[in-house]
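Peer 1: no sequence on hand, only this structure:
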């Protein structure tokens, strides 16, 4: 599915959004024939006996359907689905998937729908095309909600047929390759989504060659200066690096031959984003990164992997903490390899990966190996193991009504770094980094989670919020008399699966309790984030927001908040958006808005803007402008007493946050109240640091009653970020109140 609809106006029957390109690029019939021949040749590499007549029909139909359309680059639109099909052919996907890739943009960008595809090419291809087709642009959902719904739709279709997501990945990869034709704002938005969703998805499916390219292309759009700098450093040292790697290969190859180990050695390709990420994570310079110099060793059998590792470590000194055995403990996508880093020739660090040729095939193309090598050693059990995590999504997604929450859960559960822990019987369970024993308990079984009263890690009792590490042996202590989960557990668990099971338990509890808890939670968040209250909002505004969450009555809405189906902080932010729309513009206002300082000022020309020190608004807050004579517009919270008590209402003006505002940071004062203990401030600052938020100032006051007040100023980018860190601080032991303060 193309991100940027094509260039020329659509044919009369088309419902696409193609736009005319300024400089059309002509692709002749001869050139299209060449592309078709290239595609067929690649398919025959993997399917030499296949009948390609249906592929030809799909190719010709795509050319005909997109004939009037062009991409933003000026190229004929049909070059995009052809390129997506070519990517899939190179991965070794079957001809059915190739046909679906050729046709995947028809429902969105031409006058042909899913029914037309089914009629001409059958149910299977129509199902694949439908899985990657976005919701109608005439949907009443906001752009953000549509994006989330599209991703959820794709994942559900993917759980039934993994080829859906492979088509989508090929589509996204070609769009990223041609991203430069789009406006800068779109480039950034698309690149960020690629980095957050599609590159991790390729990694989770084990398609490393696609993952690396997606990351590098997204990094180039998001951090152009960083990309250029690293690319320049790599290019400058390329010849020296290649010469060094060849010397190391010659030395190692000779030693392996002496040991009787047949091996194929090569320099490992460098990926700019992976180097940059390691530099950031380790606060290291370019020259300190171990895998700038890297060798891949392919051997014949499993035993040869460990024999080769022994040769490497006897030849060069290993660097402590830089060895990973992904053969004994494969990654969740079944990636297997030995990774080690050594001090090699001339005392320079060198990374070495050792694996068999079969492991290497899976490492490069991941789940696509099911099609390319399905006649070989790939068993259905291995294929099912690769998709186990996809099917786990179906266990909890049915209970998640908000698509945006579903997508956030995907990012948390599936795309974070993994830890691998053991049950007492030696079974391996993979969990996202930062997972706790409670996440482990719910991964074992829902009842184990509900009846959990404690946990042992490596035979020692640990708190339930202990963060599991790879290699931990985890034992859950349960009791038949347990009364079920605690609401505090919602702040402890890291996986959406566990969180949803806890919510379901509370949903089944007494309705009155949920209503009361939901009302209290929402009032607390309103006071903490927006400095208002349920009473101040009034029943009409609350009824409107309840309807926005598909609840006709306030009690149903409060109950949903009470058992955790709706996050109170999300409601507060949504109320802010609703309030923003309620302020009328002055009747004399001209239509053109002016952009300035992260805030859009409606109805006036360029004006100096500044933020009121009395309330310190941040992106996501409901705001209003106050025209100050000689000083432009001062931006306040809608609930700020300065504007609430202002009698000169004609000086109030409607303002809203710009998209770019969330790329800035703002100082926000918070107040934390807790029972005093040793290490309290350290625990709070650690939580803030883990959320990648800077602390500008902090002080602690200890009171005679053994309580403490921590006043801190945080540098945050939005209300959403502030809400997340406040929730995490509230989960710190002995903290009983956290709220945003007025400066």
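Peer 2: Nice, thanks for sending it over. Here the structure is a predicted model, which means the values were calculated and not measured.
Peer 1: poorly predicted segments of the stretch 551-700 of the chain, please.
Peer 2: 573-608, 613, 619-621, 629-631, 644-650, 658-664 (pLDDT under 70).
Peer 1: how about 50 then?
Peer 2: Where the stretch 551-700 of the chain drops to pLDDT under 50, the residues are 577-597, 661-662.
Peer 1: all helices of it, in order?
Peer 2: 554-562, 568-580, 641-644, 680-690 (DSSP state H, counting those that start in this stretch).
Peer 1: tabulate these in CSV, adding columns for distance to residue 250.
Peer 2: (Glycine included, C-beta is placed from N, CA and C.) Output for these, formatted as CSV (distance: least, CB to CB, whole Å):
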stretch, distance to residue 250
helix 554-562, 66
helix 568-580, 59
helix 641-644, 74
helix 680-690, 45
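Peer 1: just those: most buried one?
Peer 2: helix 554-562 (a mean of 22; mean count of other CB atoms under 10 Å).
Peer 1: got the contact list for it?
Peer 2: Identification of contacts with helix 554-562 by CB atoms under 8 Å, 6 or more residues apart in numbering yields 506, 511, 513-519, 521-522, 539, 542-543, 545-546, 549, 551, 566-568, 571.
Peer 1: ok so, going back, which of the helices of the stretch 551-700 of the chain sits closest to residue 39?
Peer 2: For the helices of the stretch 551-700 of the chain, the distance to residue 39 is smallest for helix 568-580, at 45.7 Å, taking CB to CB.
Peer 1: after the helix of greatest length in the chain, which helix or strand is next? Please name it.
Peer 2: Longest helix of the chain, by residue count under DSSP state H: helix 238-258. Sequence-wise, the next helix or strand downstream of helix 238-258 (DSSP states H and E) is strand 263-267.
Peer 1: run through who's touching that next one.
Peer 2: 242, 245-246, 249, 252-253, 256, 294-299, 304, 308, 357.
Peer 1: specify which member of those is nearest to residue 641.
Peer 2: residue 294 (60.8 Å).
Peer 1: which non-adjacent residue is nearest that closest one?
Peer 2: residue 268 (3.9 Å; CB to CB, 6 or more residues apart in numbering).
Peer 1: residue contacts, that neighbour?
Peer 2: Contacts of residue 268 by CB under 8 Å, 6+ apart are 291, 294-296, 351, 353.
Peer 1: if we use 7 Å, what do you get?
Peer 2: Contacts for residue 268 (CB atoms under 7 Å, 6 or more residues apart in numbering) come out as 294-296, 353.
Peer 1: what do you get for residue 517?
Peer 2: Residue 517 touches residue 562, counting by CB under 7 Å, 6+ apart.
Peer 1: ok now the helix or strand containing it, how far from the chain's centre?
Peer 2: Element membership of residue 517 [criterion: DSSP H and E] is helix 511-525. Put simply, helix 511-525 sits 31 Å off its chain's centre (CA atoms, centre = their mean, to the nearest Å).
Peer 1: list the buried residues for that helix?
Peer 2: Within helix 511-525, the residues scored as buried using 16 or more other CB atoms under 10 Å are 514-515, 517-519, 521-525.
Peer 1: tell me which stretches of the stretch 151-300 of the chain form strands.
Peer 2: 263-267, 294-299 (DSSP state E, counting those that start in this stretch).
Peer 1: redo those as TSV? Include distance to residue 700 and mean pLDDT.
Peer 2: Putting these into TSV (distance: least, CB to CB, whole Å; pLDDT from 0 to 100) gives the following:
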stretch	distance to residue 700	mean pLDDT
strand 263-267	54	90
strand 294-299	47	91
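Peer 1: just name the most buried of those strands.
Peer 2: strand 294-299 (a mean of 22).
Peer 1: for that strand, which outside residues touch it?
Peer 2: By CB under 7 Å, 6+ apart, strand 294-299 touches 245, 248-249, 252, 261-268, 305, 308, 350-357, 360.
Peer 1: coming back round to it: what's the mean pLDDT across the longest helix of the chain?
Peer 2: For helix 238-258, the mean per-residue pLDDT is 88.
Peer 1: helices and strands around that helix, which ones?
Peer 2: For helix 238-258, the packing partners by 3 or more CB pairs under 7 Å, 6 or more residues apart in numbering; DSSP states H and E come out as strand 263-267, strand 294-299, helix 302-315.
Peer 1: isn't residue 43 right next to residue 51, touching?
Peer 2: No: checked against CB atoms under 7 Å, the pair residue 43 and residue 51 is beyond contact range at 10.7 Å.
Peer 1: which one of those two has more residues nearby?
Peer 2: residue 43 (23 against 9; other CB atoms under 10 Å).
Peer 1: and the pLDDT for that one?
Peer 2: 89.
Peer 1: in the helix or strand hosting it, what's buried?
Peer 2: Assigning secondary structure by DSSP H and E places residue 43 in helix 29-46. Using 16+ other CB under 10 Å as the test for burial, helix 29-46 gives 32, 35-36, 39-40, 42-43, 46.
Peer 1: by contact count, what packs against the helix or strand following it?
Peer 2: Downstream of helix 29-46, the first helix or strand assigned by DSSP H and E is helix 53-65. Helix 53-65 sits against helix 29-46, helix 95-103, with contacts defined as 3+ CB pairs under 7 Å, 6+ apart.
Peer 1: now distance to residue 669 too, for the contacts of residue 268, in TSV please.
Peer 2: TSV is the format used below for these (distance: CB to CB, whole Å):
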residue	distance to residue 669
294	47
295	53
296	52
353	49
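Peer 1: the helices and strands packed on helix 238-258 into a markdown table, with extra columns for distance to residue 668?
Peer 2: Shown next, in a markdown table, are the helices and strands packed on helix 238-258 (distance: least, CB to CB, whole Å):
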| stretch | distance to residue 668 |
| --- | --- |
| strand 263-267 | 49 |
| strand 294-299 | 43 |
| helix 302-315 | 51 |
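Peer 1: tell me where the model's unsure across this structure.
Peer 2: Within the chain, the stretches with pLDDT under 50 are 1-23, 135-140, 373-379, 396, 577-597, 661-662, 743.
Peer 1: roughly how far apart are the residue lying farthest from the centre of it and residue 251?
Peer 2: For the chain, the C-alpha farthest from the mean C-alpha position belongs to residue 258; by CA atoms, centre = their mean, that distance is 47.1 Å. Distance, residue 258 to residue 251, by CB to CB, to the nearest Å: 11 Å.
Peer 1: what about residue 240, how many residues close to it?
Peer 2: For residue 240, the count of nearby residues is 9 (other CB under 10 Å).
Peer 1: begin at 33 from here
Peer 2: All set: I'll call the first residue 33, so the last point we hit is now residue 272.
Peer 1: how close does it get to residue 377?
Peer 2: Note on residue 272: its distance to residue 377, by CB to CB, is 12 Å.
Peer 1: centroid-nearest residue for this structure?
Peer 2: residue 228 (3.0 Å).
Peer 1: separation between that residue and residue 572?
Peer 2: For residue 228, the distance to residue 572 - CB to CB - is 37 Å.
Peer 1: next: residue 378.
Peer 2: Where residue 572 is concerned, residue 378 sits at a distance of 75 Å (CB to CB).
Peer 1: same deal with residue 295?
Peer 2: Residue 295 is 74 Å from residue 572, by CB to CB.
Peer 1: what's in contact with the next helix-or-strand element following the helix holding residue 549?
Peer 2: Sequence order places helix 566-569 as the next helix or strand after helix 543-557, per DSSP H and E. Residues outside helix 566-569 that contact it (CB under 7 Å, 6+ apart): 551, 554-555, 558, 574.
Peer 1: does anything pack onto the strand or helix carrying residue 752? Which helices or strands?
Peer 2: Assigned by DSSP H and E, residue 752 belongs to helix 751-762. In this structure, helix 751-762 packs against helix 600-612, strand 698-707, helix 712-722, strand 767-772, with contacts taken as 3+ CB pairs under 7 Å, 6+ apart.
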